[in-house]
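1. sharing a model prediction with you, sequence too.
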Amino acid sequence: MSAANTLPFRTFAPWLRETFGRPMYRVALDAGSTCPNRDGSRGFGGCVYCDVEGSGTGALRTGKEIARQLETGLKRIARRDDDCGCIAYLQSYSNTYVEASRLEEVLAPIEIAIDEGQVGIVSIATRPDTLPDWSLDRLSKLAERVPVWVELGLESANDEVLEKIKRYHTAAEFMEGVERCHAAGLKTVGHAILGLPGDGRDGARKSAELLAAAGCEGVKVHNLMVLRKTELAKWWRDGDVEVLDPETYVSWLADFTERLLPDQVLHRITGDAPLEERLAPRWDLYKNAIREMLAAELGKRGTVQGSLHV
């Protein structure tokens, strides 16, 4: 662990400050994209756990295009800290699953903000199977100016689980996507969900092992949440889905953390859906509490991040 982080795992905020010399805050942006498992290319309806806003802000529904969203977000983080940097985060859906002209349109106001010194990192969420060569070429050019992170959902290392939850890509496609991003000079952030139906504790371990093998620079992980307006909500109401209690989640999370690479940065270790949108679980522990519980669990085991990486 670095001097800036006394925890037995690498957390995001200290790493950002150490790397960029000041706090960096995300501004979430909604470009109105879609996904191949929503529009019929691979399936309809999206992932079973994903609500109608695609794990995003829903800001585009207000008519705000990217420039306005970015302007609003920059003002918000400036009120929080007048000496901070911005991560322009294209969050909702699959943001490289668009025409080249649309990606140019979306990136244009972000590049203006880069020119003005307002944006220091660009993070773009997408799927590992929606990375056409032209999109990687375009993002590679952007990465000559600021770091560019491509956030890719793995969710599970088990292809049967991925099929069941209607991800409709494979673990091999994830590995290939990460490799292609790295070849283009881009950083990657891999996503995993612990507690998916049929995945179990061993699935949590295998997901971490795959993320380590892929060499993603960053990792986001959270427990399975049942949101309203999702197919998963019906499964849960029918008694076909169980969610993890806090103690079980932290135990599995410790297993997961032990199997990562020691230098991978944990961008997220818990999810945060509002209680009014979340059917289960109903425990309302904030990230600081989960972080402390994870540190205590690893301390009890006498391990740290990467201890069981092979």
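-> Received the coordinates, thanks.
2. can we go C-alpha only for contacts and neighbour counts from here?
-> Fine.
3. pLDDT wise, what is Glu53 at?
-> Glu53 carries a pLDDT value of 55.
4. same question but for Lys64, I mixed them up
-> Model confidence at Lys64, expressed as pLDDT, equals 59.
5. what about the strands in this structure?
-> 24-29, 85-90, 121-126, 148-155, 187-194, 218-223, 226-227, 265-268, 278-280 (DSSP state E).
6. look up how far Leu196 lies from Leu261.
-> As judged by C-alpha to C-alpha, to the nearest Å, Leu261 and Leu196 stand 23 Å apart.
7. more neighbours: which of these two?
-> Leu196 (25 against 22; other C-alpha atoms under 10 Å).
8. check contacts around the residue lying closest to the more buried one once chain neighbours are set aside.
-> In this structure, Leu196 finds its nearest non-sequential neighbour in Leu224, 6.1 Å apart by C-alpha to C-alpha, 6 or more residues apart in numbering. Neighbour list for Leu224: 193-196, 243-244 [criterion: C-alpha atoms under 8 Å, 6 or more residues apart in numbering].
9. also Lys166?
-> By C-alpha under 8 Å, 6+ apart, Lys166 lies in contact with 37, 43, 46-48.
10. just Tyr249 next, same as before
-> The contact partners of Tyr249, by C-alpha under 8 Å, 6+ apart, come to 194-195, 223.
11. low-scoring stretches of the stretch 1-150 of the chain, by residue?
-> Low-confidence segments of the stretch 1-150 of the chain (pLDDT under 70): 1-5, 52-64.
12. show me the helices in it, by range?
-> Using DSSP state H, counting those that start in this stretch, the helices of the stretch 1-150 of the chain run over 12-20, 66-80, 100-115, 133-142.
13. between the ones you listed, which one is closest to Ala208.
-> Closest of the helices of the stretch 1-150 of the chain to Ala208 is helix 12-20, at 17.3 Å (criterion: C-alpha to C-alpha).
14. show me what the closest one is packed against.
-> strand 24-29, strand 265-268 (3 or more C-alpha pairs under 8 Å, 6 or more residues apart in numbering; DSSP states H and E).
15. tell me who's in contact with Cys84.
-> 22-25, 77-78.
16. drop anything exposed from the residues you listed.
-> 23-25, 77 (16 or more other C-alpha atoms under 10 Å).
17. which single one of those is nearest to Val98?
-> Of all these, Tyr25 has the smallest distance to Val98: 26.1 Å, by C-alpha to C-alpha.
18. find the nearest non-adjacent residue to that closest one, please.
-> Nearest to Tyr25 is Cys86, by C-alpha to C-alpha, 6+ apart, at 5.1 Å.
19. then Ser135?
-> Thr96 (6.4 Å).
20. now do the contacts for the one you found.
-> The neighbourhood of Thr96, defined by C-alpha under 8 Å, 6+ apart, consists of 103, 126, 130-132, 135.
21. for it, give me phi and psi.
-> Main-chain dihedrals, Thr96, degrees, to the nearest 10: phi -100, psi 10.
22. quick one: it from Thr126, how far?
-> Counting by C-alpha to C-alpha - Thr96 and Thr126 are separated by 6 Å.
23. would you mind measuring from the residue nearest to Ser135 to Leu136?
-> 9 Å.
24. and Leu260, by the same measure?
-> For Leu260, the distance to Leu136 equals 26 Å [C-alpha to C-alpha].
25. more neighbours, those two?
-> Neighbour count, other C-alpha under 10 Å: between Leu260 and Leu136, Leu260 has more, with 30 against 20.
26. tell me, what's the model's pLDDT at that one?
-> Predicted confidence (pLDDT) for Leu260: 98.
27. now do the contacts for it.
-> By C-alpha under 8 Å, 6+ apart, the contact set of Leu260 is 208-209, 211-212, 305-306, 308-309.
28. pull out the buried members of those.
-> For the contacts of Leu260, buried by 16+ other C-alpha under 10 Å: 208-209, 211-212, 305-306, 308-309.
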